[in-house]
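# got a predicted model here, sequence first, then my questions.
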Amino acid sequence: MKPFFIALQFLTRLPSLNYSGLSEQEIGRSLLHYPLVGLVIGILLLITTWMTAGIDPMMSAALLLALWTLVTGILHLDGLADSADAWIGGAGDRERTLSIMKDPYCGPAAVVTLVLVLLIKFAALAVIIQQSDWSYLLLIPVLARAQLLLLFLTTPYVRKNGLGAALAEHQPEKASFVVYGLTTLLILIGWGWDGMTLLFTAIATLLLLQKMMLSRIDGTTGDTAGALVEICEAALLVAAAAIG
């Protein structure tokens, strides 16, 4: 279970067993448990939705979004903000884009992008809650994080050091395909055609963003991986709201 707790430690601010002195191989294996971490997040979202079922859907959506953001420690939103600033400020230049991505300051592009993505999430959550389609809240965090398995499998990691480099270099390839396949199978069994629609949405989002990454920086970084999770979640929430 150590790789699971490593993944939980990396992706959330939930209480976890803290490990230090991790090997790169252990970090790479933790990727296999990203969908399971998404399931933990989804369970928390379901419990919160049930606890706030008696209040206005918009207020419930606001509380749910706040919890969702806090549980992940704003990790993926930070990646989205850095990526937005870099894409706008980089003006098509690879090295400038990568340099801006490392800048800790938040520019106008980051602010606007964060506001828009959070607004979309809030509106879609309100619709899903009002339609009582709560099961999607269990599915979406899982499916969004499962895309990271494919991203790191199929996209070069452009930085030489850091957590992302260890993930990309030591990710178990065959096991990753097995985990992704099992995740897909369970989604199709549990949600049928609706699950297939959301799966298509997730893969389409991955392919679109992957194309943008390869075109601009010849690969991915930790920030663009975080941006993928946020944008994928937003797209899946919109799709789920439309299905309902």
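Nice, thanks for sending it over. As the structure is a computational prediction, the values presented were derived from the model and not from experiment.
# is residue 84 in contact with residue 110, as I believe?
Yes - counting by CB atoms under 8 Å, residue 84 touches residue 110, with 4.9 Å between them. All C-beta spots, glycine's among them, are computed from the backbone N, C-alpha and C.
# which of those two has more neighbours?
Between residue 84 and residue 110, residue 84 has the larger neighbour count (other CB atoms under 10 Å), namely 24 against 21.
# now do the contacts for the more buried one.
109, 110, 112, 113, 114, 227 (CB atoms under 8 Å, 6 or more residues apart in numbering).
# may I have the phi/psi pair for the residue of the chain most remote from its centre?
Most distant residue from the mean C-alpha position of the chain: residue 54, 28.9 Å away (CA atoms, centre = their mean). Dihedral angles of residue 54 (phi, psi; degrees, to the nearest 10) stand at phi -90, psi 0.
# now swap in residue 157 and tell me
Here is the backbone geometry of residue 157 (degrees, to the nearest 10): phi -90, psi 120.
# tell me the spacing between the nearest residue to it once chain neighbours are set aside and residue 181.
In space, and not counting its chain neighbours, residue 157 is closest to residue 168: 3.6 Å by CB to CB, 6 or more residues apart in numbering. Look at residue 168 and residue 181: by CB to CB, to the nearest Å, they are 20 Å apart.
# tell me which of these two has more neighbours.
Legend: neighbour count by other CB under 10 Å for residue 168 and residue 181, higher for residue 168 (23 against 10).
# quick check: phi and psi on that one?
In terms of degrees, to the nearest 10, the main-chain angles of residue 168 are phi -70, psi -40.
# which ones are touching it?
For residue 168, the contact set (CB under 8 Å, 6+ apart) comprises 152, 156, 157.
# any chance of a markdown table for those, columns distance to residue 3, neighbour count and pLDDT?
As requested, the contacts of residue 168 are arranged in a markdown table below (distance: CB to CB, whole Å; neighbours: other CB atoms under 10 Å; pLDDT from 0 to 100):
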| residue | distance to residue 3 | neighbour count | pLDDT |
| --- | --- | --- | --- |
| 152 | 15 | 22 | 96 |
| 156 | 23 | 12 | 95 |
| 157 | 19 | 21 | 95 |
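# quick one: contacts for residue 44?
Per CB under 8 Å, 6+ apart, neighbours of residue 44: 67, 71.
# that one: helix or strand, and which one exactly?
helix 34-51 (DSSP states H and E).
# quick check: mean pLDDT across the next helix or strand after that helix?
Where DSSP H and E defines the elements, the next helix or strand beyond helix 34-51 is helix 57-71. Across helix 57-71, pLDDT averages out at 96.
# helix 57-71 packs against which elements?
Judged by 3 or more CB pairs under 8 Å, 6 or more residues apart in numbering; DSSP states H and E, the packing partners of helix 57-71 are helix 34-51, helix 108-130.
# next structured bit after it?
helix 75-89.
# how far off helix 108-130 does that next one point, in degrees?
140 degrees (axes from the mean of the first three to the mean of the last three CA atoms, to 10 degrees).
# just the buried residues of the following helix or strand past helix 75-89, please?
Following helix 75-89 in sequence order, the next helix or strand is helix 94-101 (DSSP H and E). Under the neighbour-count criterion of 16 or more other CB atoms under 10 Å, helix 94-101 has 97, 98, 100, 101 buried.
# below-threshold pLDDT in the chain: ranges please.
17-20 (pLDDT under 70).
# just to revisit the earlier point, which of the contacts of residue 168 sits closest to residue 186?
Nearest to residue 186 out of the contacts of residue 168 is residue 152 (CB to CB; 21.0 Å).
# go through the helix or strand hosting the closest one and flag the buried ones.
Residue 152 is part of helix 135-154 when elements are defined by DSSP H and E. For helix 135-154, burial by neighbour count (16+ other CB under 10 Å) applies to 135-152.
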